[in-house]
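Visitor: Following is a predicted model, sequence given first.
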Amino acid sequence: MFGSKKSIFPAYSGLEDIQVALPSPPSQASVQRDVGDLWTAHTSTPHVVADAGPGIAVPYPDNGYDPQSLSETNPANILVNRASQALSKRERMSFLDKLDHIFTDRLIADLSLSNLNIGELKEHILSECPGALLVYNGSNCDLVIKAYTLVRSFESLISQEVSNSASPEDEKAKLLSLLSDPKCSALRKAVILPNEKIKQSLLNSTDSNNHIQGCLEAFGLEDSQNTKSTEFSDFEDAVAQRELQLAILCNVEISKGVVATALDNCLAQVMPHLLSKEIQLAIKSVIMSCKDTAMLKAKKDAHKMISHLQSAKTDLQDLDVPSEMIHKLDAKIADLQNLQQEDSYCSRDSLATQELRDFSPVQRSSQDLDESLKSISKAMAQLRKFLVSKQVTRNPKVLTALNSELYALACMEDCCKALALGRQDMLTNCAEELQNALTEMIKDSKMPHVHEAQKQVISANKDLHYAQKQKTIESLEKAKSENRISGKKLETLTQLIGY
């Protein structure tokens, strides 16, 4: 350690060769002086104590349990909030349809709050439904009202479904699954957190919340009060009404009209030639699901159409129109309300659908599928031959019915191919594709009431486009008069827009 001169001053060389025994550092427990130290150790050190007793096997995280950073998608958290149960597509559609009805009804009533200024409106909402301000707390009164309506509507949906359920906890889990979309995180907090906690977080925060559009998009809630250009709003409203009317007519035909009768007839003709009960149930379920989807869409569009008609009724009353004209609108509204009360096949959880879910593919052979496919293909060939023959009447309803049966047979063929691949999950897609194909076929048909509705849609769109072109021409001519464009430029631009 000392230099070669053995001076009393150390040379400080070779220190790394000296081995020393350092004292042990204090243990973590010995430096924990208060509860804060205990909590810091608890949350900063990943740890877990497995329960060796009987019970549910908790899915522990691989790297230990850290309560301050546990994600929403962590298995332990999913187990705790009981929202891990996935919704079926039909259950989701049912919930969204009910939410759409509740939201539309409430929005019409809640728009009366628009006479309040933004301060009064927020104060009212803070006392009645503070969660709405987690969804939107900006300065737009219309958006504040929509956020308020959305939160109250979801609360009403929860109340209805839970009170009518035999298993409230399972129903709550399904409803929470509706809020699994990241766009709905603010609405999820608004629904789950206590009002007092929400108020405290709002009063202690300066954050700007604007999640209403994402929530409406996630739930497919089309806003009937969308901001439109004031100049063309009447034309756009006319187009929307005509398109709604056409969509209702098409879906009514599929669910209970000429097309529905053709689908039932086709099903009755084909069923005896299907050798397997599973195949029979699969095809029947798909056809009935197609009809049911059409009915659900018709009800949804009827609800929107009622809103348009009620608005038109208010306009007529303000203009002192004779009561006889008002009664005509009331009759149309009553017809649409009756349509909303129509029953549907799948909403009753039919025996065929239940049996299909319980069936196993081993209960039919590949030979049964081959024979069923041959029978369906033979029927399609015969129907196509009949359609091109001179025997076919030119009656639009008859032609629509025959084409509907041809589409149904093609769908049945797709069902058999899906079963052959072991893809029973594709049956839902078969039903959706059949419904879409039938809708387009009906629009192109010459059935008088549908053809007239289609003409009105085309006419309304032409009026809108004409008004937009006229405005463009006026703007161009004004620009020429102000010498901002030349005469030749005006001619070129006019030709480009089709004038």
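Guide: Yep, it's here. Numbers count the residues shown, from 1 in each chain.

Visitor: low-scoring pLDDT stretches of the stretch 251-400 of the chain, where are they?
Guide: Filtered on pLDDT under 70, the stretch 251-400 of the chain yields the residue ranges 343-366, 390-393.

Visitor: mind listing what Ala312 touches?
Guide: Contacts were defined as Cβ atoms under 8 Å, 6 or more residues apart in numbering; by that measure Ala312 touches Leu329. For glycine as for every other residue, the C-beta is placed from the backbone atoms N, C-alpha and C.

Visitor: Equivalent analysis for Leu309, please.
Guide: Here Leu309 is in contact with Leu329, Lys332, Ile333, Leu336 (criterion: Cβ under 8 Å, 6+ apart).

Visitor: change it to 10 Å
Guide: Applying Cβ atoms under 10 Å, 6 or more residues apart in numbering to Leu309 gives the contacts Gln241, Leu329, Asp330, Lys332, Ile333, Leu336.

Visitor: can you count the residues close to the first one?
Guide: Neighbourhood size, Gln241 [other Cβ atoms under 10 Å]: 18.

Visitor: separation between it and Lys299?
Guide: Gln241 sits 17 Å away from Lys299 when distances are taken as Cβ to Cβ, to the nearest Å.

Visitor: now, which of the contacts of Leu309 lie within helices?
Guide: Secondary structure defined by DSSP state H assigns Gln241, Leu329, Asp330, Lys332, Ile333, Leu336 of the contacts of Leu309 to helices.

Visitor: Out of those, which is nearest to Ser475?
Guide: Checking the ones in helices among the contacts of Leu309 against Ser475 by Cβ to Cβ gives Gln241 as the nearest, at 28.0 Å.

Visitor: Skipping adjacent residues, who's closest to that closest one in space?
Guide: The spatially closest residue to Gln241, leaving aside those adjacent along the chain, is His308, at 5.2 Å (Cβ to Cβ, 6 or more residues apart in numbering).

Visitor: looking at it, that neighbour is touching Glu243, isn't it?
Guide: No - in this structure, His308 is not within contact of Glu243 by Cβ atoms under 10 Å, at 11.0 Å.

Visitor: about what we covered before: what is the neighbour count of the residue nearest to Gln241?
Guide: Residue neighbour count, defined by other Cβ under 10 Å, stands at 16 for His308.

Visitor: Leu176 now?
Guide: So Leu176, with other Cβ under 10 Å, has 19 neighbours.

Visitor: go on, the one 5 residues further on?
Guide: In terms of burial, Asp181 registers 15 neighbours under the definition other Cβ under 10 Å.

Visitor: how near is the residue lying closest to it once chain neighbours are set aside to Leu99?
Guide: Counting by Cβ to Cβ, 6+ apart, Asp181 lies nearest to Ala218, which is 4.5 Å off, once chain neighbours are set aside. Ala218 sits 11 Å away from Leu99, taking Cβ to Cβ as the criterion.

Visitor: between those two, what contacts are shared?
Guide: Common neighbours of Ala218 and Leu99, using Cβ under 10 Å, 6+ apart, are Leu178.

Visitor: Contacts only, for Leu134.
Guide: For Leu134, the contacting residues are 147, 151, 185-191, 193, 198, 201-202, 205, 207, 209, 211, by Cβ under 10 Å, 6+ apart.

Visitor: 6 Å instead, please
Guide: Leu134 sits next to Ala186, Lys189, Ala190, Asn209 when contact means Cβ atoms under 6 Å, 6 or more residues apart in numbering.

Visitor: Only alpha carbons, please: show stretch 142-154 as CSV.
Guide: The C-alpha trace of stretch 142-154 is given here as CSV (Å, rounded to 0.1, in the frame of the first residue of the first chain):
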residue,chain,number,x,y,z
ASP,A,142,-76.3,21.5,-28.8
LEU,A,143,-73.3,19.2,-28.0
VAL,A,144,-73.8,19.6,-24.3
ILE,A,145,-77.5,18.6,-24.7
LYS,A,146,-76.5,15.6,-26.8
ALA,A,147,-74.0,14.4,-24.2
TYR,A,148,-76.7,14.8,-21.5
THR,A,149,-79.2,12.9,-23.6
LEU,A,150,-76.7,10.1,-24.3
VAL,A,151,-75.7,9.5,-20.7
ARG,A,152,-79.4,9.6,-19.5
SER,A,153,-80.3,7.2,-22.4
PHE,A,154,-77.7,4.7,-21.5
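
Visitor: in that stretch, what counts as buried?
Guide: For stretch 142-154, a neighbour-count test (16 or more other Cβ atoms under 10 Å) marks Leu143, Val144, Ile145, Lys146, Ala147, Tyr148, Thr149, Leu150, Val151, Arg152, Ser153, Phe154 as buried.

Visitor: Please report the distance of the closest residue in space to Ile212 that isn't next to it in sequence from Ala401.
Guide: Closest residue to Ile212 apart from its sequence neighbours, by Cβ to Cβ, 6+ apart: Tyr136 at 4.3 Å. According to Cβ to Cβ, Tyr136 and Ala401 sit 50 Å apart.

Visitor: between these two, who's got more neighbours?
Guide: The neighbour count for Tyr136 versus Ala401, taken as other Cβ under 10 Å, is higher for Tyr136 (25 against 20).

Visitor: And the pLDDT at Ser475?
Guide: At Ser475, the model reports a pLDDT of 83.

Visitor: same thing with Ala240?
Guide: As summarised for this prediction, Ala240 has a pLDDT of 86.

Visitor: That one - how many residues pack around it?
Guide: Ala240: 18 surrounding residues under other Cβ under 10 Å.

Visitor: Do a quick rundown of the strands in this structure.
Guide: Under the criterion DSSP state E, the chain carries no strands.

Visitor: how is it carved up into domains?
Guide: Following automatic domain parsing, one finds the domains of the chain at 89-218, 233-449.

Visitor: Looking at these, which is nearest to Ile473?
Guide: The closest of those to Ile473 is domain 233-449. By Cβ to Cβ, the value is 16.1 Å.

Visitor: Show the backbone phi and psi for Ser445.
Guide: Per-residue torsions, Ser445: phi -70, psi 170 (degrees, to the nearest 10).

Visitor: Looks like it contacts Ala401 (just checking).
Guide: No - Ser445 is beyond contact range of Ala401, at 10.0 Å (criterion: Cβ atoms under 6 Å).

Visitor: now the helices for the stretch 51-200 of the chain?
Guide: Remark: helices assigned in the stretch 51-200 of the chain by DSSP state H, counting those that start in this stretch are 75-81, 89-110, 118-128, 132-135, 141-163, 168-177, 185-192, 195-203.

Visitor: roughly how far apart are the nearest residue to Lys332 once chain neighbours are set aside and Asn195?
Guide: Counting by Cβ to Cβ, 6+ apart, Lys332 lies nearest to Leu309, which is 5.9 Å off, once chain neighbours are set aside. According to Cβ to Cβ, Leu309 and Asn195 sit 37 Å apart.

Visitor: One more: Met325?
Guide: Distance check for Met325 against Asn195: by Cβ to Cβ, it reads 47 Å.

Visitor: which non-adjacent residue is nearest Met271?
Guide: Gln280 (5.8 Å).

Visitor: For burial, what's the neighbour tally of the one you found?
Guide: Per other Cβ under 10 Å, the neighbour tally for Gln280 reads 21.

Visitor: avg pLDDT for stretch 147-164?
Guide: For stretch 147-164, the mean pLDDT works out to 89.

Visitor: what sits up against it?
Guide: So stretch 147-164 is contacted by 98-99, 102-103, 106-107, 110, 125, 129, 131-132, 135-136, 168, 171, 175, 190-191, 212 (Cβ under 6 Å, 6+ apart).

Visitor: Please pick the buried ones from these.
Guide: Buried, going by 16+ other Cβ under 10 Å: 99, 102-103, 106-107, 110, 125, 129, 131-132, 135-136, 171, 175, 190-191, 212, out of those.
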